[in-house]
Structures are given as structure tokens and as C-alpha cells.
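# 3D model of this:
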Amino acid sequence: MKKQYFKRGAEIIKEGALSDCAYIIESGNVQVSKTLATGEEQTIGTLQENDIFGEMGLIDCLPRGL
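Numbering: from 1, shown residues only. The predicted structure is shown next:
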């Protein structure tokens with residue numbers, strides 16, 4: 001496991017990208033959004049301290065998606 005830091009507004013995971021890791025939020029929060037067919041970005045949730053995300057790609061070996 002390695003620690004990574006991200007600036008506010010940074011894209012951590014891109015929808016459709018290959019899955020090679022999962023993340024645990026140590027502090028702060030992460031906004032989860034999805035790009036609609038219109039190209040508009042829609043926020044679908046917010047993750048907080050101790051939440052885990054990105055793990056499904058490690059389990060099902062499929063590209064990142066929602």
C-alpha cells in the first residue's frame with residue numbers, strides 16, 4: 001500500500017480506465033461524478049474519511065465504471 005495525495009478538484013479515477021488499484025480516504029472527501037450522454041457531468045455522491053473506492057475493478061477486472 002502506498003500513500004498518495006491529491007489536490008482539490010483533481011481527477012483520481014477516469015471512467016473507463018483500467019483498474020489497477022483501490023483507494024482509502026485518509027482525510028478530506030471525494031466527489032463522485034458520471035459523464036452523461038450529453039457530455040454533462042453529474043455528481044452522484046460524496047465519499048468521506050475511511051471510505052474505500054475503486055475496489056470493484058480489482059474484483060471484476062473490468063474498466064472503471066459506475
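# What segments of the chain are helices?
When secondary structure is read from DSSP state H, the chain shows helices at 55-60.
# Where do the strands of it begin and end?
23-24, 30-35, 41-47, 52-53 (DSSP state E).
# what's the pLDDT at the spatially most central residue of the chain?
With distances taken as Cα atoms, centre = their mean, Ile13 lies nearest the centre of the chain, 4.5 Å away. pLDDT for Ile13: 88.
# who touches it in this structure?
Taking Cβ atoms under 8 Å, 6 or more residues apart in numbering as the contact definition, Ile13 lies against Tyr23, Phe53, Gly54, Arg64. C-beta coordinates here come from the backbone N, C-alpha and C atoms, glycine included.
# could the strands of the chain be laid out in TSV, adding mean pLDDT, mean neighbour count and distance to Arg8?
What follows is these, written out as TSV (pLDDT from 0 to 100; neighbours: other Cβ atoms under 10 Å; distance: least, Cβ to Cβ, whole Å):
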stretch	mean pLDDT	mean neighbour count	distance to Arg8
strand 23-24	95	14	16
strand 30-35	93	14	10
strand 41-47	95	11	13
strand 52-53	94	13	17
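# To Gly9, which of those lies closest?
Comparing the strands of the chain by their distance to Gly9 (Cβ to Cβ), the top pick is strand 30-35, with 8.8 Å.
# Quick check: neighbours of the closest one in the sheet, parallel or antiparallel?
Paired neighbours of strand 30-35 in the sheet (DSSP bridges): strand 41-47 (antiparallel).
# Any chance you could list what contacts stretch 31-38?
Taking Cβ under 8 Å, 6+ apart as the rule, stretch 31-38 contacts Glu15, Glu41, Gln42, Thr43, Ile44, Gly45, Thr46, Leu47, Phe53, Leu66.
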